[in-house]
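**Student:** Structure for this input, please:
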Amino acid sequence: MDAENTLQTILRDGFILVFNQDRLDIVKTAEALITAGVNNMEVTCRISKPLEKLKRLRGQLPDFAAGVASLIDFPSMLKIYNAGRPGDRLPSVAEVVDAGACYIVSAVNFSDASYAKFAGAVPIIPGCGTTTEIAGQFAKGANLCKVFPAKQLGGPAFVKAVDPAIHKTISLVPTGGTNAQNMGDYIEAGVLVLGGSFSMIDKPVMQQIVADQDYDLLARKLTEIKQMIDKLRSQKWPDIDFATADIKEISRVTGRNFNLR
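**Tutor:** Model (predicted):
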């Protein structure tokens, strides 16, 4: 899956699930997402053996857009981190790309070296907390910019405040504290894609899903999230059918640029 097709998948989905649950099967979770109409997922490196799980997911579902997140893109810090975890080391950006990552995400900015090597080949979604970081990372080649931690930065009000400063050009992906109560406010503020973890599902239900390994129930709850996003986006942008629109049409109608080369 090339960079443009991956970005188009993410934009059509309108949702990036953060897979951060070691007690769930990664392939079955992806299959639940597919049932819900979502064809991508972010595999966070905060789980155990992320590289092994990514390879398994890509091997069994090659048409599913599997991204990798929580990367440390600074060699000295990565070296320090991995020195204390020889049995479960954190992979580098190059390693996850080599393992088949369809897109890469970080809670922080990506390095100049990664932009030089991967911009245009693999979608890059850096974590940003200021307008300077958003504009700076986009200028280097970021395709979307992750607002993280969105809740602590101010939630929808933050997005609404900074969007005019970036001339409503860069597509922001709020992650951290997104839920059914604030989805509408984020989308009204111009957000095309929401990031969220399993915390978007009511805690007792999620506990049941994990305890029973109930992927049918997981698919139903993810379907509710997807349907809510679809409804809210259709209200905000009635001229776009996100299920079929290509990137050029989405860019033309929304005014967002996705930094395709």
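**Student:** In the protein, which helix is the longest?
**Tutor:** Using DSSP state H to define each element, the chain has its longest helix at helix 215-236.
**Student:** same for it, what does it pack against?
**Tutor:** strand 15-19, helix 26-36, helix 183-188, helix 203-212 (3 or more CB pairs under 8 Å, 6 or more residues apart in numbering; DSSP states H and E). Where C-beta positions appear, they are placed from N, C-alpha and C, glycine not excepted.
**Student:** TSV for these, including mean pLDDT, mean neighbour count and distance to Ser114?
**Tutor:** Converted to TSV, the helices and strands packed on helix 215-236 look like this (pLDDT from 0 to 100; neighbours: other CB atoms under 10 Å; distance: least, CB to CB, whole Å):
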stretch	mean pLDDT	mean neighbour count	distance to Ser114
strand 15-19	98	26	19
helix 26-36	98	20	24
helix 183-188	98	20	27
helix 203-212	98	14	33
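**Student:** would you turn those into TSV with distance to Gln60?
**Tutor:** Formatted as TSV, the entries for those read as follows, by distance: least, CB to CB, whole Å:
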stretch	distance to Gln60
strand 15-19	14
helix 26-36	5
helix 183-188	30
helix 203-212	20
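**Student:** Which one of the ones you listed lies nearest to Lys117?
**Tutor:** Using CB to CB as the measure, strand 15-19 is the one of the helices and strands packed on helix 215-236 that comes nearest Lys117, at 22.7 Å.
**Student:** Quick one: distance of the closest one to the chain centre.
**Tutor:** 6 Å (CA atoms, centre = their mean, to the nearest Å).
**Student:** now it and helix 26-36, what's the angle there?
**Tutor:** Using axes from the mean of the first three to the mean of the last three CA atoms, to 10 degrees, one finds that strand 15-19 and helix 26-36 are set 160 degrees apart in direction.
**Student:** Can you pull out the residues in contact with strand 15-19?
**Tutor:** The set of residues external to strand 15-19 that reach it, using CB atoms under 8 Å, 6 or more residues apart in numbering, is 10, 26, 29, 33, 38, 40-44, 47, 67, 69, 105, 173, 175, 193-198, 222, 225-226, 229.
**Student:** Of the residues you listed, just the buried ones, ChimeraX syntax please.
**Tutor:** The ChimeraX selection below is limited to those of the contacts of strand 15-19 classed as buried (16 or more other CB atoms under 10 Å):
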select :10,26,29,33,38,40,41,42,43,44,47,67,69,105,173,175,193,194,195,196,197,198,222,225,226,229
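**Student:** Okay, and which of the contacts of strand 15-19 map to helices?
**Tutor:** Of the contacts of strand 15-19, the ones assigned to helices by DSSP H are Ile10, Ile26, Thr29, Leu33, Leu222, Ile225, Lys226, Ile229.
**Student:** could the residues you listed go into a markdown table alongside distance to Ile247?
**Tutor:** Conversion of those to a markdown table gives the following (distance: CB to CB, whole Å):
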| residue | distance to Ile247 |
| --- | --- |
| Ile10 | 10 |
| Ile26 | 27 |
| Thr29 | 26 |
| Leu33 | 21 |
| Leu222 | 24 |
| Ile225 | 23 |
| Lys226 | 20 |
| Ile229 | 18 |
